[in-house]
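Student: need coordinates for the following:
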Amino acid sequence: MDVIYAYGLAYAPPETRATSTYAFLAALLPLPVWASIWAAVGAVCLIQAWTRRDRVAYALATALKVGWALLHLGAWAFGVLPRGYVSAAIWLLGAAFVMIMATVPKAWVEVSDDT
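Tutor: Below you'll find the model as predicted:
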C-alpha cells in the first residue's frame, strides 16, 4: 500500500495537486520528498515480508501512518484542512490494521522453526 500511495503522491494529476490537502503537503515538503518517504517504507515492508524478523517494517509502516494522521489532524486543528479529521481517522484505522497484522503469526515461520 505504501508504494502505491507514494506513486499517487509523485504522479498526482494537476487537478489533484490543486486540492487543499496536496497544497498543504507541498507547502511542508515537496511532493517527491513525501513520495520518497512512503516508497522507502514500502520497500522495507516488501523486503521484510519474506523474512523471519519483520518488526522494523511493521514499526515503520505504523509510525508513518500515525504520523500522517497526526499531520492531518494538526492541519485540521489549525484550520488549514477543514476535513483533516476525516483523513486522520482513516490513517489511524490503517495504522491499527497494520498493528493487528503485526501480531498474526506466520505459519511458515513456525513450521520452519521446528526443523
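Student: check the secondary structure at the residue sitting nearest the centre point of the chain for me.
Tutor: Nearest residue to the geometric centre of the chain (C-alpha atoms, centre = their mean): Lys65, 4.1 Å. Under DSSP: H, G, I helix; E, B strand; the rest coil, the three-state class of Lys65 is helix.
Student: test my guess that it contacts Met99.
Tutor: No - using C-beta atoms under 8 Å, Lys65 makes no contact with Met99, being 9.5 Å away. Just so you know, the C-beta spots here come from the backbone N, C-alpha and C atoms, and that holds for glycine as well.
Student: tell me, what's touching these two both at once?
Tutor: Counting by C-beta atoms under 8 Å, 6 or more residues apart in numbering, no residue touches both Lys65 and Met99.
Student: circling back to that earlier point, just list the residues touching the residue nearest to the centre of the chain, thanks.
Tutor: Trp91, Leu92, Gly94, Ala95, Val98 are the contacts of Lys65 under C-beta under 8 Å, 6+ apart.
Student: with Ala10 instead?
Tutor: Contacts of Ala10 (C-beta under 8 Å, 6+ apart): Leu31, Pro32, Ala35, Ala39.
Student: CSV for these, including secondary structure, neighbour count and distance to Arg53?
Tutor: Rendered in CSV, the data for the contacts of Ala10 read as follows (DSSP: H, G, I helix; E, B strand; the rest coil; neighbours: other C-beta atoms under 10 Å; distance: C-beta to C-beta, whole Å):
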residue, secondary structure, neighbour count, distance to Arg53
Leu31, helix, 16, 32
Pro32, helix, 14, 31
Ala35, helix, 20, 27
Ala39, helix, 19, 22
